[in-house]
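Asks: Fold the following for me, if possible:
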Amino acid sequence: MTETELKILLNTITPPRETARAAAHAHWAALAKPLGGLGQLETMLEDAAALTGTAELHFERRAVLVLCADNGVVAQGVSQTDACVTRAVLKNLVACRTSVCRMAEKAHCKVVAVDMGIAGKPVAGAVDRRIADGTRDFTCGPAMTRAQAVQAIAAGIALVREQKRDGMQILATGEMGIGNTTTSSAVASVLLGRPVAEMTGRGAGLSDAGLQRKIRAIETGIAVNTPDAADPLDVLAKLGGLDIAGLCGVFLGGALENLPILMDGFISSVAALCAVRMCPKAEKAVFASHVSGEPAARLVLEELHKKPLLNAGFHLGEGTGAVASLPLWDMALAVYDGCYSFAEGGIAPYTPQC
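Replies: Numbers count the residues shown, from 1 in each chain. Model (predicted):
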(Lines give C-alpha, C1' and ligand atoms only; values in the text may rest on other atoms or scores of the structure.)
Protein backbone atom coordinates (compact mmCIF):
# COMPACT_ATOMS: atom_id res chain seq x y z
CA MET A 1 0.00 0.00 0.00
CA THR A 2 1.28 3.46 -0.89
CA GLU A 3 0.78 6.53 1.24
CA THR A 4 -1.71 7.88 -1.30
CA GLU A 5 -3.68 4.63 -1.21
CA LEU A 6 -3.70 4.77 2.60
CA LYS A 7 -5.10 8.31 2.56
CA ILE A 8 -7.82 7.29 0.11
CA LEU A 9 -8.72 4.31 2.29
CA LEU A 10 -8.91 6.40 5.47
CA ASN A 11 -11.29 8.80 3.75
CA THR A 12 -13.83 5.94 3.66
CA ILE A 13 -14.08 5.81 7.47
CA THR A 14 -17.61 6.80 8.43
CA PRO A 15 -18.70 8.74 11.53
CA PRO A 16 -20.34 6.92 14.46
CA ARG A 17 -24.04 6.16 14.11
CA GLU A 18 -25.79 8.29 16.67
CA THR A 19 -29.16 6.58 16.20
CA ALA A 20 -27.64 3.33 17.48
CA ARG A 21 -26.07 5.17 20.42
CA ALA A 22 -29.45 6.68 21.27
CA ALA A 23 -31.11 3.26 21.08
CA ALA A 24 -28.53 1.78 23.47
CA HIS A 25 -29.00 4.71 25.83
CA ALA A 26 -32.76 4.24 25.78
CA HIS A 27 -32.32 0.53 26.50
CA TRP A 28 -30.16 1.28 29.54
CA ALA A 29 -32.72 3.83 30.73
CA ALA A 30 -35.52 1.24 30.58
CA LEU A 31 -33.71 -1.22 32.87
CA ALA A 32 -34.76 -1.35 36.53
CA LYS A 33 -31.80 0.40 38.11
CA PRO A 34 -30.70 3.97 38.83
CA LEU A 35 -30.18 5.96 35.64
CA GLY A 36 -26.55 5.74 34.63
CA GLY A 37 -25.89 3.51 37.62
CA LEU A 38 -23.12 1.56 35.87
CA GLY A 39 -21.32 4.74 34.85
CA GLN A 40 -18.63 4.13 32.26
CA LEU A 41 -19.86 0.62 31.57
CA GLU A 42 -23.03 2.14 30.18
CA THR A 43 -21.38 4.79 28.05
CA MET A 44 -18.86 2.18 26.85
CA LEU A 45 -21.64 0.05 25.37
CA GLU A 46 -23.36 3.13 23.96
CA ASP A 47 -20.08 4.02 22.20
CA ALA A 48 -19.84 0.43 20.96
CA ALA A 49 -23.37 0.64 19.58
CA ALA A 50 -22.50 3.86 17.74
CA LEU A 51 -19.42 2.16 16.30
CA THR A 52 -21.08 -1.09 15.23
CA GLY A 53 -24.29 0.60 14.11
CA THR A 54 -26.61 -1.53 16.23
CA ALA A 55 -27.88 -1.61 19.82
CA GLU A 56 -27.80 -5.42 19.71
CA LEU A 57 -24.30 -6.07 21.00
CA HIS A 58 -22.23 -9.26 20.93
CA PHE A 59 -18.59 -9.42 21.99
CA GLU A 60 -18.14 -13.07 22.93
CA ARG A 61 -15.54 -13.73 20.24
CA ARG A 62 -12.40 -11.79 21.04
CA ALA A 63 -8.64 -11.79 20.49
CA VAL A 64 -5.64 -9.86 21.71
CA LEU A 65 -3.15 -8.88 19.02
CA VAL A 66 0.37 -8.76 20.49
CA LEU A 67 2.64 -6.97 18.03
CA CYS A 68 6.37 -7.58 18.55
CA ALA A 69 9.32 -5.63 17.18
CA ASP A 70 12.84 -4.55 18.07
CA ASN A 71 14.10 -0.99 18.33
CA GLY A 72 17.56 0.18 17.31
CA VAL A 73 17.65 2.86 20.03
CA VAL A 74 18.33 0.06 22.54
CA ALA A 75 21.98 0.57 21.55
CA GLN A 76 21.89 3.77 23.63
CA GLY A 77 21.41 1.89 26.91
CA VAL A 78 17.76 2.89 27.32
CA SER A 79 16.65 -0.50 28.66
CA GLN A 80 17.67 -3.01 31.31
CA THR A 81 17.97 -5.76 28.70
CA ASP A 82 18.96 -6.16 25.07
CA ALA A 83 16.92 -7.20 22.06
CA CYS A 84 17.25 -10.93 22.74
CA VAL A 85 14.45 -10.60 25.29
CA THR A 86 11.98 -9.57 22.57
CA ARG A 87 12.66 -12.85 20.80
CA ALA A 88 12.44 -14.85 24.03
CA VAL A 89 9.06 -13.36 24.95
CA LEU A 90 7.70 -13.86 21.44
CA LYS A 91 8.66 -17.55 21.63
CA ASN A 92 6.81 -17.83 24.92
CA LEU A 93 3.80 -15.98 23.52
CA VAL A 94 3.62 -18.57 20.76
CA ALA A 95 3.88 -21.30 23.41
CA CYS A 96 1.05 -19.64 25.41
CA ARG A 97 3.21 -19.23 28.52
CA THR A 98 3.31 -15.49 29.14
CA SER A 99 1.27 -13.29 31.49
CA VAL A 100 -1.21 -12.21 28.83
CA CYS A 101 -1.71 -15.81 27.75
CA ARG A 102 -2.68 -16.86 31.26
CA MET A 103 -5.01 -13.88 31.65
CA ALA A 104 -6.51 -14.32 28.19
CA GLU A 105 -7.40 -17.92 28.98
CA LYS A 106 -9.56 -16.73 31.88
CA ALA A 107 -11.09 -13.97 29.74
CA HIS A 108 -11.91 -16.46 26.92
CA CYS A 109 -9.70 -14.47 24.59
CA LYS A 110 -7.52 -15.75 21.76
CA VAL A 111 -3.86 -14.61 21.73
CA VAL A 112 -2.38 -13.69 18.35
CA ALA A 113 1.39 -13.18 18.48
CA VAL A 114 2.59 -11.06 15.55
CA ASP A 115 6.17 -10.50 14.39
CA MET A 116 6.26 -6.96 13.01
CA GLY A 117 10.05 -6.91 12.88
CA ILE A 118 12.21 -8.54 15.52
CA ALA A 119 15.96 -8.83 15.11
CA GLY A 120 17.16 -12.07 13.54
CA LYS A 121 15.23 -14.87 11.90
CA PRO A 122 11.46 -15.30 12.28
CA VAL A 123 10.01 -17.20 15.25
CA ALA A 124 8.09 -20.31 14.24
CA GLY A 125 4.40 -20.05 15.03
CA ALA A 126 4.21 -16.25 15.12
CA VAL A 127 2.12 -14.45 12.52
CA ASP A 128 4.69 -13.07 10.08
CA ARG A 129 4.17 -9.40 9.22
CA ARG A 130 7.86 -8.51 9.26
CA ILE A 131 8.73 -5.14 7.76
CA ALA A 132 12.42 -5.16 8.75
CA ASP A 133 14.75 -6.75 11.32
CA GLY A 134 13.86 -4.02 13.80
CA THR A 135 14.21 -0.28 13.39
CA ARG A 136 17.37 1.78 13.22
CA ASP A 137 18.77 3.78 16.14
CA PHE A 138 16.88 7.06 15.92
CA THR A 139 19.72 8.98 17.56
CA CYS A 140 21.57 8.54 14.26
CA GLY A 141 18.72 9.17 11.83
CA PRO A 142 15.12 8.07 11.14
CA ALA A 143 14.00 4.84 12.82
CA MET A 144 12.44 3.73 9.55
CA THR A 145 11.52 5.09 6.17
CA ARG A 146 8.16 6.70 5.59
CA ALA A 147 7.31 3.83 3.24
CA GLN A 148 8.10 1.28 5.97
CA ALA A 149 5.82 3.10 8.38
CA VAL A 150 3.00 2.99 5.82
CA GLN A 151 3.70 -0.70 5.23
CA ALA A 152 3.47 -1.41 8.96
CA ILE A 153 0.21 0.55 9.24
CA ALA A 154 -1.20 -1.39 6.30
CA ALA A 155 -0.19 -4.64 8.01
CA GLY A 156 -2.13 -3.59 11.12
CA ILE A 157 -5.23 -2.81 9.07
CA ALA A 158 -4.96 -6.20 7.36
CA LEU A 159 -4.68 -7.96 10.74
CA VAL A 160 -7.99 -6.45 11.84
CA ARG A 161 -9.69 -7.43 8.60
CA GLU A 162 -8.42 -10.99 8.95
CA GLN A 163 -9.67 -11.21 12.53
CA LYS A 164 -13.10 -9.88 11.54
CA ARG A 165 -13.32 -12.44 8.75
CA ASP A 166 -12.58 -15.08 11.39
CA GLY A 167 -15.59 -13.86 13.37
CA MET A 168 -13.92 -11.73 16.04
CA GLN A 169 -16.21 -9.09 17.54
CA ILE A 170 -13.75 -7.14 19.69
CA LEU A 171 -9.94 -6.88 19.69
CA ALA A 172 -7.51 -6.02 22.46
CA THR A 173 -4.08 -4.60 21.67
CA GLY A 174 -0.74 -5.61 23.10
CA GLU A 175 2.94 -5.29 22.25
CA MET A 176 6.38 -6.56 23.08
CA GLY A 177 9.63 -4.90 22.11
CA ILE A 178 12.61 -3.96 24.23
CA GLY A 179 13.02 -0.18 24.02
CA ASN A 180 9.44 0.60 23.05
CA THR A 181 8.70 2.87 25.99
CA THR A 182 11.54 5.00 24.61
CA THR A 183 10.00 5.17 21.14
CA SER A 184 6.55 5.82 22.62
CA SER A 185 7.81 8.63 24.84
CA ALA A 186 9.59 10.19 21.87
CA VAL A 187 6.49 10.11 19.68
CA ALA A 188 4.23 11.36 22.49
CA SER A 189 6.60 14.20 23.39
CA VAL A 190 6.49 15.55 19.84
CA LEU A 191 2.76 15.01 19.22
CA LEU A 192 1.77 16.60 22.54
CA GLY A 193 4.45 19.30 22.42
CA ARG A 194 5.68 18.52 25.92
CA PRO A 195 9.22 18.27 27.36
CA VAL A 196 10.90 14.91 26.97
CA ALA A 197 11.64 14.61 30.71
CA GLU A 198 7.93 15.01 31.49
CA MET A 199 6.96 12.27 29.04
CA THR A 200 9.62 9.69 29.90
CA GLY A 201 9.49 7.04 32.59
CA ARG A 202 11.53 4.13 33.81
CA GLY A 203 9.90 1.51 31.59
CA ALA A 204 10.63 -1.92 33.01
CA GLY A 205 12.57 -0.40 35.91
CA LEU A 206 15.52 1.74 34.87
CA SER A 207 17.89 3.23 37.42
CA ASP A 208 18.30 6.98 37.74
CA ALA A 209 21.29 6.84 35.42
CA GLY A 210 19.38 4.70 32.93
CA LEU A 211 16.47 7.15 32.96
CA GLN A 212 18.82 10.02 32.16
CA ARG A 213 20.33 8.05 29.26
CA LYS A 214 16.81 7.43 27.97
CA ILE A 215 15.89 11.12 28.16
CA ARG A 216 19.12 12.15 26.43
CA ALA A 217 18.56 9.57 23.67
CA ILE A 218 15.06 10.90 22.98
CA GLU A 219 16.24 14.51 23.02
CA THR A 220 19.01 13.58 20.60
CA GLY A 221 16.61 11.73 18.33
CA ILE A 222 14.28 14.71 18.16
CA ALA A 223 17.16 17.10 17.47
CA VAL A 224 18.66 14.88 14.77
CA ASN A 225 15.40 14.07 12.96
CA THR A 226 13.38 17.31 13.43
CA PRO A 227 10.02 15.51 13.20
CA ASP A 228 7.01 17.54 12.08
CA ALA A 229 4.38 17.44 14.85
CA ALA A 230 1.70 18.32 12.30
CA ASP A 231 2.52 15.17 10.32
CA PRO A 232 1.99 12.08 12.54
CA LEU A 233 3.36 9.77 9.86
CA ASP A 234 6.61 11.75 9.86
CA VAL A 235 6.86 11.50 13.66
CA LEU A 236 6.07 7.79 13.60
CA ALA A 237 8.65 7.03 10.91
CA LYS A 238 11.42 9.08 12.48
CA LEU A 239 10.96 8.17 16.16
CA GLY A 240 8.54 5.25 16.41
CA GLY A 241 8.72 1.49 16.23
CA LEU A 242 7.25 -1.11 13.93
CA ASP A 243 5.02 -2.31 16.76
CA ILE A 244 3.60 1.20 17.29
CA ALA A 245 3.07 1.66 13.54
CA GLY A 246 1.36 -1.70 13.30
CA LEU A 247 -0.88 -0.87 16.27
CA CYS A 248 -1.71 2.46 14.65
CA GLY A 249 -2.96 0.39 11.73
CA VAL A 250 -4.98 -1.82 14.09
CA PHE A 251 -6.88 1.20 15.43
CA LEU A 252 -7.43 2.49 11.89
CA GLY A 253 -8.57 -0.99 10.87
CA GLY A 254 -11.05 -1.01 13.73
CA ALA A 255 -12.53 2.25 12.46
CA LEU A 256 -12.69 0.91 8.90
CA GLU A 257 -14.34 -2.34 10.01
CA ASN A 258 -16.46 -0.84 12.84
CA LEU A 259 -14.81 -3.18 15.34
CA PRO A 260 -14.00 -2.07 18.92
CA ILE A 261 -10.25 -1.92 19.62
CA LEU A 262 -9.13 -1.87 23.26
CA MET A 263 -6.04 0.16 24.07
CA ASP A 264 -3.69 -1.48 26.54
CA GLY A 265 -1.25 0.90 28.22
CA PHE A 266 1.03 3.75 27.25
CA ILE A 267 2.50 2.23 24.08
CA SER A 268 -0.78 1.26 22.47
CA SER A 269 -2.33 4.59 23.50
CA VAL A 270 0.46 6.39 21.63
CA ALA A 271 -0.38 4.24 18.61
CA ALA A 272 -4.03 5.22 19.01
CA LEU A 273 -3.00 8.88 19.20
CA CYS A 274 -1.10 8.50 15.92
CA ALA A 275 -4.19 6.91 14.34
CA VAL A 276 -6.52 9.66 15.51
CA ARG A 277 -4.10 12.38 14.42
CA MET A 278 -3.95 10.74 10.98
CA CYS A 279 -7.73 10.38 10.80
CA PRO A 280 -9.85 11.98 13.54
CA LYS A 281 -12.84 9.76 12.68
CA ALA A 282 -10.79 6.77 13.86
CA GLU A 283 -11.51 7.86 17.45
CA LYS A 284 -14.80 5.96 17.32
CA ALA A 285 -13.00 2.60 17.41
CA VAL A 286 -10.68 3.44 20.33
CA PHE A 287 -11.69 2.15 23.78
CA ALA A 288 -9.62 2.60 26.93
CA SER A 289 -8.87 -0.24 29.34
CA HIS A 290 -6.49 1.07 32.01
CA VAL A 291 -4.00 3.80 32.74
CA SER A 292 -0.42 2.60 33.12
CA GLY A 293 2.27 3.80 35.49
CA GLU A 294 4.24 5.59 32.76
CA PRO A 295 4.33 9.37 33.44
CA ALA A 296 2.76 10.33 30.10
CA ALA A 297 0.05 7.67 30.08
CA ARG A 298 -2.68 9.82 31.59
CA LEU A 299 -1.73 12.78 29.38
CA VAL A 300 -2.21 10.69 26.23
CA LEU A 301 -5.56 9.38 27.46
CA GLU A 302 -6.69 12.94 28.16
CA GLU A 303 -5.63 14.02 24.67
CA LEU A 304 -7.73 11.17 23.26
CA HIS A 305 -10.65 12.08 25.57
CA LYS A 306 -10.73 8.51 26.89
CA LYS A 307 -11.35 7.43 30.47
CA PRO A 308 -9.73 4.20 31.72
CA LEU A 309 -11.87 1.48 33.26
CA LEU A 310 -9.03 0.30 35.51
CA ASN A 311 -6.41 2.13 37.54
CA ALA A 312 -4.45 -0.73 39.04
CA GLY A 313 -0.86 0.37 38.45
CA PHE A 314 -0.24 -2.07 35.58
CA HIS A 315 2.95 -1.61 33.59
CA LEU A 316 3.54 -5.10 32.24
CA GLY A 317 2.58 -4.72 28.59
CA GLU A 318 1.70 -7.62 26.28
CA GLY A 319 -1.94 -6.47 26.33
CA THR A 320 -2.50 -7.52 29.94
CA GLY A 321 -4.42 -4.37 30.88
CA ALA A 322 -6.68 -4.59 27.83
CA VAL A 323 -7.42 -8.26 28.51
CA ALA A 324 -8.06 -7.50 32.20
CA SER A 325 -10.84 -5.11 31.15
CA LEU A 326 -12.70 -7.73 29.09
CA PRO A 327 -14.60 -9.20 32.08
CA LEU A 328 -16.03 -5.71 32.64
CA TRP A 329 -17.43 -5.83 29.11
CA ASP A 330 -18.98 -9.21 29.98
CA MET A 331 -20.54 -7.82 33.15
CA ALA A 332 -21.88 -4.76 31.36
CA LEU A 333 -23.44 -6.97 28.69
CA ALA A 334 -24.90 -9.30 31.33
CA VAL A 335 -26.89 -6.40 32.75
CA TYR A 336 -27.63 -4.84 29.36
CA ASP A 337 -29.03 -8.12 28.00
CA GLY A 338 -30.45 -9.74 31.12
CA CYS A 339 -31.66 -7.20 33.66
CA TYR A 340 -35.41 -6.80 34.00
CA SER A 341 -37.02 -3.55 32.95
CA PHE A 342 -39.04 -1.11 35.04
CA ALA A 343 -42.16 -2.29 33.20
CA GLU A 344 -41.40 -5.97 33.86
CA GLY A 345 -40.79 -5.27 37.53
CA GLY A 346 -43.89 -3.17 38.01
CA ILE A 347 -41.75 -0.19 39.05
CA ALA A 348 -42.28 3.38 37.98
CA PRO A 349 -39.34 4.44 35.79
CA TYR A 350 -36.75 6.78 37.26
CA THR A 351 -36.59 10.21 35.70
CA PRO A 352 -33.67 12.67 35.85
CA GLN A 353 -33.97 14.98 38.86
CA CYS A 354 -31.21 17.40 37.91
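
Asks: Please enumerate the strands of this protein.
Replies: 62-69, 110-117, 127-128, 170-176, 261-262, 286-287 (DSSP state E).

Asks: What strands line up against the second one, and which way round?
Replies: Within its sheet, and counting by DSSP bridges, strand 110-117 is paired with strand 62-69 (parallel), strand 127-128 (parallel).

Asks: Dump the ones you listed to a markdown table, plus distance to residue 89, mean neighbour count and mean pLDDT.
Replies: All C-beta atoms are positioned from the backbone trio N, CA, C, and that covers glycine. Compiled in a markdown table, the strands paired with strand 110-117 are given as follows (distance: least, CB to CB, whole Å; neighbours: other CB atoms under 10 Å; pLDDT from 0 to 100):
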| stretch | distance to residue 89 | mean neighbour count | mean pLDDT |
| --- | --- | --- | --- |
| strand 62-69 | 7 | 29 | 98 |
| strand 127-128 | 15 | 15 | 98 |
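
Asks: related to what we said a few turns ago, nearest to residue 22, out of the strands of the chain?
Replies: Closest approach to residue 22 among the strands of the chain (CB to CB): strand 286-287, 19.1 Å.

Asks: Pull up the pairing partners for that closest one, direction included.
Replies: Partners of strand 286-287, by DSSP bridges, with direction: strand 261-262 (parallel).

Asks: For the helix or strand of the chain with the lowest mean pLDDT, which helices and strands make contact with it?
Replies: Least confident helix or strand, the chain: helix 342-345 with a mean of 90, by mean pLDDT, DSSP states H and E. Under the contact criterion of 3 or more CB pairs under 8 Å, 6 or more residues apart in numbering; DSSP states H and E, helix 342-345 touches no helix or strand at all.

Asks: quick one: contacts of that helix?
Replies: Identification of contacts with helix 342-345 by CB atoms under 8 Å, 6 or more residues apart in numbering yields 30-32, 348-350.

Asks: May I ask which of the residues you listed has the most neighbours?
Replies: Greatest neighbour count in those, by other CB atoms under 10 Å, goes to residue 31: 21 neighbours.

Asks: give me the number of residues near the closest residue to it other than its chain neighbours?
Replies: What sits nearest to residue 31 in space, not counting adjacent residues and going by CB to CB, 6 or more residues apart in numbering, is residue 339, at 4.6 Å. Residues lying near residue 339 (other CB under 10 Å) number 16.

Asks: how much space between residue 339 and residue 328?
Replies: From residue 339 across to residue 328, the span is 16 Å (CB to CB, to the nearest Å).

Asks: Extract the residue ranges of this structure that are flagged as low pLDDT.
Replies: Where the chain drops to pLDDT under 70, the residues are 354.

Asks: Run a quick neighbour tally on residue 41.
Replies: That count, for residue 41 with other CB under 10 Å as the rule, works out to 19.

Asks: check contacts around it.
Replies: 309, 328, 331-332, 335.

Asks: rewinding a little: closest one to residue 250 among the strands paired with strand 110-117?
Replies: strand 62-69 (6.0 Å).

Asks: What angle do strand 170-176 and that closest one make with each other?
Replies: Strand 62-69 and strand 170-176 are oriented at 20 degrees to each other (axes from the mean of the first three to the mean of the last three CA atoms, to 10 degrees).

Asks: residue contacts, residue 194?
Replies: 188, 296, 299.

Asks: For the first one, give me its contacts.
Replies: When you say that, I think you mean residue 188. Per CB under 8 Å, 6+ apart, neighbours of residue 188: 194, 199, 266, 270, 273, 296, 299-300.

Asks: Pick the one among the residues you listed closest to residue 20.
Replies: For the contacts of residue 188, the nearest to residue 20 is residue 273 (25.8 Å; CB to CB).

Asks: related to what we said a few turns ago, I figured the residue nearest to residue 31 hits residue 32, correct?
Replies: Yes: using CB atoms under 8 Å, residue 339 makes contact with residue 32 at a distance of 6.6 Å.

Asks: and residue 310, how far is that from residue 2?
Replies: 39 Å.

Asks: between these two, which one's more packed in?
Replies: residue 310 (15 against 11).

Asks: Put together CSV for the contacts of residue 194, with distance to residue 283 on each row.
Replies: Shown next, in CSV, are the contacts of residue 194 (distance: CB to CB, whole Å):
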residue, distance to residue 283
188, 17
296, 19
299, 17
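
Asks: taking the residues you listed one by one, which sit in helices?
Replies: 188, 299 (DSSP state H).

Asks: ok, so of the contacts of residue 194, who is nearest residue 21?
Replies: Nearest member of the contacts of residue 194 to residue 21, counting by CB to CB, is residue 299, at 27.2 Å.

Asks: Tell me who's in contact with the residue nearest to that closest one when sequence neighbours are not counted.
Replies: Residue nearest to residue 299 in three dimensions, not counting chain neighbours: residue 192, with 6.3 Å by CB to CB, 6+ apart. Applying CB under 8 Å, 6+ apart, one finds that residue 192 lies in contact with 199, 296, 299-300, 303.
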